[in-house]
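**Student:** Build me a model:
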Amino acid sequence: MAHRRRETLFGPVSGPDALHLSDVLRNETTGGLLMLLATVAALLWANLSHESYEAFRGVTIGPLSIESWAADGLLTVFFFIAGLELKQEFTEGSLSRPTDAMVPIIAAVCGMLFPAGIYTLINALTPGGHPGGWAIPMATDIAFALAVLAIVGSGMPQSVRAFLLTLAIADDLGSIIVIAVFFSHGLNLAWLGGALACMALWGVLQHRQLLDSGWWYVPIFIIGWWCMFNSGIHSTIAGVIFGLLTRCSEDELNDPIDRWQHKVEPWSAGVVVPFFALMSAGVQLTKDALRALVTNPVPLGIIVGLIVGKSIGIFLGSFLTARLTSATLGRGVVWADIAAVGVLSGIGFTVSMLLSDLSFPSDGFYADEAKAAVLVGSTLAALFGALLLTYRTKRHDKWRRAHPGQVPRAGKLRRSHV
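**Tutor:** Reported below is the predicted structural model:
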């Protein structure tokens, strides 16, 4: 009798399988799906066994609870990847020209002001309103938005992705600045100086190429993060700054940004972001909580701000910037694409969840209502955005078939485009 080769189930992943797993995790679609699964798991856990969910989040490891490690520690890795990608786009990508970068950055500013204004207006005019949550609908979740774009908008011009990426990062940076200014409990200049010293050291070592191994940078990153955490400024901004200070090389075989992305991105997409979602999205969806989404001005302002405020702010900001300055849209991007991206940008998960806790630190009821509103508003924005992107992808495919080798003129609103 021939002996069968025995297979080991759930054994260690190595060799080609490990490389394949890393490649899968680098895919934006995979990262978005993992975050979605973690969100569903958090909701099920919180609603089926709320006590055990809260007990797990409250377990203390060292100086922080597990929930705080996820939001203040691990999420810094995600923002580091975002900073790397933004640096790459600014130096050699679609946003290397200032006129190209100006439109999404100003659109991001308008996309923060309009949702905040709508929330404030609704809560100011409605009895029982609470103005403290105005910052919650300001942010755009990079991972979710890019995942939806990757799934349904693969046929869109590459400039659309660059526009959305810059928009989302500018949103998050703006939200973190808001946190630092309005939600900080005192700025510690000594710790801030330590963080800036680590960042300066990182930048010097990167640009002078004084270290061969990337492992030497890990302690600098950790110390810089810890200093930023204790400075009173939200620690995730350290990740973005470290990413922006990383050297970008034209040599594809020796580009530090590519190497960092290759090593860190699977951990960010496969572990960091899903774990943050698991620790943040556990909201009890009771009948009263669901009813409050349409009757209480706090969740109503968040939902309307994410869906309506984001869309109007981003489109108007882009349109006025392109019309009043020399700035232009990216190659092949038309105004209907910007409208679709504006709707998609209403997915405000990661930083919006963080802002929900910071806006209502002593009121768990409002914080849970705000988180439920973020989930509902983000889901609706994802659905509406996916529908618009699907339609726009079909229009771009039709254009390419009718005009092989040509690209639509940027910013032109023609019947053939819309």
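**Student:** Pro127 falls within a helix, correct?
**Tutor:** No. Per DSSP: H, G, I helix; E, B strand; the rest coil, Pro127 lies outside any helix segment and is coil.
**Student:** Torsion angles phi and psi at it?
**Tutor:** Main-chain dihedrals, Pro127, degrees, to the nearest 10: phi -60, psi 140.
**Student:** From Ile302, how far out is it?
**Tutor:** 18 Å (CB to CB, to the nearest Å). C-beta here means a position set from N, CA and C on the backbone, and glycine is covered the same way.
**Student:** same deal with Arg161?
**Tutor:** Taking CB to CB, one finds Arg161 at 27 Å from Ile302.
**Student:** quick one, which of the two is more surrounded?
**Tutor:** Ile302 (35 against 22; other CB atoms under 10 Å).
**Student:** okay but that one is in contact with Ala373, surely?
**Tutor:** Yes. Assessed by CB atoms under 8 Å, Ile302 is found in contact with Ala373 at 3.9 Å.
**Student:** which residues does the residue nearest the centre of the chain contact?
**Tutor:** Nearest to the centroid of the C-alpha atoms of the chain, with distances taken as CA atoms, centre = their mean, sits Ile142, at 2.6 Å. For Ile142, the contact set (CB atoms under 8 Å, 6 or more residues apart in numbering) comprises 78, 82, 165, 168-169, 172, 350.
**Student:** mind redoing it with 10 Å?
**Tutor:** 28, 31, 78-79, 81-82, 85-86, 164-165, 167-169, 171-172, 273, 347, 349-351 (CB atoms under 10 Å, 6 or more residues apart in numbering).
**Student:** How about Arg401?
**Tutor:** By CB under 10 Å, 6+ apart, Arg401 has no neighbours at all.
**Student:** That one: helix or strand, and which one exactly?
**Tutor:** helix 364-402 (DSSP states H and E).
**Student:** Any buried residues in that helix, and which?
**Tutor:** For helix 364-402, a neighbour-count test (16 or more other CB atoms under 10 Å) marks 366-382, 384-386, 388-389, 392-393, 395-396, 399 as buried.
**Student:** the helices in the stretch 151-300 of the chain, which residues?
**Tutor:** Ranges of helices in the stretch 151-300 of the chain, per DSSP state H, counting those that start in this stretch, are 158-182, 189-208, 217-231, 236-244, 256-267, 273-280, 287-295, 297-304.
**Student:** where in the protein is pLDDT low?
**Tutor:** 1-29, 94-95, 99-100, 185, 212, 251-253, 362-364, 405-418 (pLDDT under 70).
**Student:** roughly how far apart are the closest residue to Gly330 other than its chain neighbours and Asn123?
**Tutor:** Excluding the flanking residues, the one nearest Gly330 by CB to CB, 6 or more residues apart in numbering is Ser159, at 2.5 Å. Ser159 sits 37 Å away from Asn123, going by CB to CB.
**Student:** In this model Gln261 seems to touch Gly214, though I could be wrong.
**Tutor:** No. Under the criterion of CB atoms under 10 Å, Gly214 is not in contact with Gln261, lying 11.5 Å apart.
**Student:** Between these two, point out the one with more neighbours.
**Tutor:** Gln261 (20 against 12).
**Student:** Spell out the residue ranges of the helices in the stretch 1-150 of the chain.
**Tutor:** 15-26, 28-48, 50-57, 66-68, 75-92, 98-125, 142-152.
**Student:** out of the helices of the stretch 151-300 of the chain, which comes closest to Phe319?
**Tutor:** Phe319 lies closest to helix 158-182 among the helices of the stretch 151-300 of the chain, at 13.4 Å (CB to CB).
**Student:** tell me the phi and psi of Ser249?
**Tutor:** phi -110, psi 150.
**Student:** can you tell me which residues contact it?
**Tutor:** 91-92, 209, 255-259.
**Student:** hmm, which of these are the buried ones?
**Tutor:** 255-258.
**Student:** Pick out the most distant pair among those residues.
**Tutor:** Pro256 and Asp258 (7.4 Å).
**Student:** and the gap between the nearest residue to His50 once chain neighbours are set aside and Cys110?
**Tutor:** In space, and not counting its chain neighbours, His50 is closest to Gln284: 5.9 Å by CB to CB, 6+ apart. Gln284 sits 35 Å away from Cys110, going by CB to CB.
**Student:** now swap in Leu201 and tell me
**Tutor:** The value you get for Leu201 to Cys110, if CB to CB is used, is 36 Å.
**Student:** from memory Thr39 sits against Phe144, does it?
**Tutor:** Yes. Counting by CB under 10 Å, Phe144 is a contact partner of Thr39 at 9.3 Å.
**Student:** Looking at the two, which has the bigger crowd around it?
**Tutor:** Using other CB under 10 Å, the more surrounded residue of Thr39 and Phe144 is Phe144, with 28 against 23.
**Student:** ok but Glu330 is inside a strand, no?
**Tutor:** For the record, residue 330 is Gly, not Glu. No. Assessed with three-state DSSP, Gly330 is coil; it does not lie in a strand.
**Student:** so it touches Leu167, yeah?
**Tutor:** No. Here Gly330 does not reach Leu167: they are 11.7 Å apart, not a contact under CB under 10 Å.
**Student:** ok, the two, which is more surrounded?
**Tutor:** Leu167 (30 against 25).
**Student:** check contacts around that one.
**Tutor:** 103-109, 111, 140, 142, 145, 310, 314, 317-318, 338, 341-342, 344-345.
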